[in-house]
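Visitor: Curious how this folds, go ahead:
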Amino acid sequence: MSVLENFSLRGKHAVVTGAGRGIGKGIAIALAEAGADIIVSARTETQLEEVASEIRALGRRCDICTADLTAANGLEKLENTVASLTDTLDIWVNNAGGLPDATPRFLTRTSPEQWDAQIDLNLKAVWAGCVSAARLIKTGAIINISSRAAYGGHAKNGPYSAAKAGVNSLTETFAQELAPRIRVNAVAPGPVATTNMLESIGVGEDQADDVLKHFPVPLGRMGTPEDIGAAAVFLASPASGWITGQCLYVTGGF
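Guide: Numbering: from 1, shown residues only. Next comes the predicted model:
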């Protein structure tokens, strides 16, 4: 098999959570461009239909599942939908996450309810997604979306940072428990100008370039959903066939 063929996902089936916009959308489209058929999940059906239309225009199959993964039956609904659509799932991307109210929090000013909301979305949903994926995938790959915020201390963003550090730990443990049949890795994006991220730092979408004032990125530009999608294709493909339990930081050097 040639090097380029090692990056092909033709004939594979993938699930991407939080795929309605931003990084999740970028990952879903990148996997489809590499040849995979996709099942996209998020809370907003209209966003999913737009993503599905773009993927179908690439000649790939795309099904949608509207689900809130922090709700009691959210993962169960997604798992049952996936099981009804395909007998051979190969890739599961746990991307759903973010700041539930788009507001960073000092740890000392975080209520128990706000803490639980962050952990439920950014850590518990990843754990539950890995469990569901392990039931559905015979051999394949799980990719968890972490964050640059998982590394080091982050004043005013403590709950999110703690949750993402937990994602990295979960990734390492699942990699050991599910080997050799399933590889489990993570991608940690740096600053990508998604709607949620811009809201969290009080910057409008028409001022996205100003984000670089907050983050000194050595490569001199913001990240894009396509940057993260390319990393996901690598970790989902045979090209990374001897890689598991790792977190790939895609941060522009930040």
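Visitor: Tell me where the stretch 51-200 of the chain has helices.
Guide: For the stretch 51-200 of the chain, the helices defined by DSSP state H, counting those that start in this stretch cover 74-85, 112-119, 125-136, 158-178, 195-200.
Visitor: of all those, which lies closest to residue 26?
Guide: Nearest to residue 26, of all the helices of the stretch 51-200 of the chain, is helix 195-200, at 13.1 Å by Cβ to Cβ. For the C-beta atoms, the positions are set from N, CA and C on the backbone; glycine is no exception.
Visitor: Which residue ranges of the stretch 151-254 of the chain form strands?
Guide: Under the criterion DSSP state E, counting those that start in this stretch, the stretch 151-254 of the chain contains strands at 182-189, 247-250.
Visitor: who are the neighbours in contact with residue 218?
Guide: By Cβ atoms under 8 Å, 6 or more residues apart in numbering, residue 218 lies in contact with 252, 253, 254.
Visitor: quick revisit: quick check: which of the strands of the stretch 151-254 of the chain is buried the most?
Guide: strand 182-189 (a mean of 25; mean count of other Cβ atoms under 10 Å).
Visitor: Against which helices or strands is that one packed?
Guide: Strand 182-189 sits against helix 125-136, strand 137-145, helix 158-178, helix 225-236, strand 247-250, with contacts defined as 3 or more Cβ pairs under 8 Å, 6 or more residues apart in numbering; DSSP states H and E.
Visitor: thought residue 9 was touching residue 31?
Guide: Yes. Residue 9 is within contact range of residue 31, at 6.0 Å (criterion: Cβ atoms under 8 Å).
Visitor: and for these two, which residues touch both?
Guide: Residues touching both residue 9 and residue 31 (Cβ under 8 Å, 6+ apart): 91, 233, 236.
Visitor: Is it possible to get CSV of those that adds distance to residue 143, pLDDT and neighbour count?
Guide: Compiled in CSV, the shared contacts of residue 9 and residue 31 are given as follows (distance: Cβ to Cβ, whole Å; pLDDT from 0 to 100; neighbours: other Cβ atoms under 10 Å):
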residue, distance to residue 143, pLDDT, neighbour count
91, 7, 99, 24
233, 10, 98, 24
236, 6, 98, 28
